[in-house]
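**Q** Based on what follows, work out the 3D shape:
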Amino acid sequence: MWSSVLLLVAVAVVGWFVLTAWSTGRAAARDRDRLVAAAVEAWLVLLWVRAAVPLPGVLSWCWVGAVAATAVGVAGAARRWGGLPWRAGPRGRPDQPVPGWRRRLAVAGVALSLALGVAATVVLA
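**A** Okay, here's the model as predicted:
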């Protein structure tokens with residue numbers, strides 16, 4: 001019972017990330033901070049499901065599909081990255097400039113999440 005709930009949560013989180021990364025409408029991420037947060041959430045939920053839920057047979061291929069969908073979301077985030085501010089104000093306008101340390105921290109967070117996601121995919125697969 002709880003394993004199917006976890007799988008549904010994973011599908012919802014990954015689907016939301018892909019939607020925010022590729023959408024240009026109301027669901028689109030307004031800034032880079034939200035894209036990074038959605039990507040990290042998607043990777044963590046996928047890792048949690050892989051560690052907590054036994055995935056026999058067809059369900060293991062569903063997990064591989066969710067990982068592929070997350071990769072598609074990362075591609076969408078990379079496509080939109082240059083056109084987004086680091087942090088958007090209340091109406092989507094760029095807020096104050098982001099200090100250099102925060103920019104470096106965000107880049108390090110993205111790199112770390114990608115490295116951990118790849119390592120966990122290789123180790124847990």
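**Q** The residue nearest to the spatial centre of the chain and Val45, how far apart?
**A** When CA atoms, centre = their mean is applied to the chain, the residue found nearest the centroid is Ala39 (1.7 Å). Per CB to CB, to the nearest Å, Ala39 is found 11 Å from Val45. For every residue, glycine as well, the C-beta is placed using N, CA and C.
**Q** which SSE is the residue nearest to the centre of the chain in?
**A** helix 32-52 (DSSP states H and E).
**Q** Who are the packing partners of that helix?
**A** Counting contacts by 3 or more CB pairs under 8 Å, 6 or more residues apart in numbering; DSSP states H and E, helix 32-52 packs against helix 2-22, helix 58-81, helix 100-124.
**Q** Can you tell me what sits against it?
**A** Helix 32-52 is contacted by residues 3, 6-7, 9-10, 13-14, 16-17, 20-21, 29, 55, 63, 66-67, 70, 73-74, 77, 80-81, 84-87, 106, 109-110, 113, 116-117, 120, 124 when judged by CB atoms under 8 Å, 6 or more residues apart in numbering.
**Q** That one vs helix 58-81, what angle?
**A** Between helix 32-52 and helix 58-81, the angle comes out at 170 degrees (axes from the mean of the first three to the mean of the last three CA atoms, to 10 degrees).
**Q** What angle do helix 2-22 and helix 32-52 make with each other?
**A** In terms of direction (the same axes, to 10 degrees), helix 32-52 departs from helix 2-22 by 160 degrees.
**Q** Which positions in helix 32-52 come out as buried?
**A** By neighbour count on 16 or more other CB atoms under 10 Å, the buried set for helix 32-52 is 32-36, 38-40, 42-43, 45-47, 49-50.
**Q** then that helix to CSV, C-alphas only?
**A** In CSV, the C-alpha atoms belonging to helix 32-52 read as follows (Å, rounded to 0.1, in the frame of the first residue of the first chain):
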residue,chain,number,x,y,z
ARG,A,32,16.7,29.9,-11.3
ASP,A,33,16.3,29.2,-7.6
ARG,A,34,13.0,27.5,-8.3
LEU,A,35,14.4,25.4,-11.1
VAL,A,36,17.3,24.2,-8.9
ALA,A,37,14.9,23.4,-6.0
ALA,A,38,12.6,21.4,-8.3
ALA,A,39,15.5,19.5,-9.7
VAL,A,40,16.9,18.6,-6.3
GLU,A,41,13.4,17.5,-5.1
ALA,A,42,12.9,15.3,-8.1
TRP,A,43,16.3,13.6,-7.6
LEU,A,44,15.8,13.1,-3.9
VAL,A,45,12.4,11.6,-4.3
LEU,A,46,13.7,9.2,-7.0
LEU,A,47,16.5,8.2,-4.7
TRP,A,48,14.2,7.7,-1.8
VAL,A,49,11.8,5.6,-3.8
ARG,A,50,14.6,3.5,-5.2
ALA,A,51,16.0,2.9,-1.7
ALA,A,52,12.6,2.3,0.1
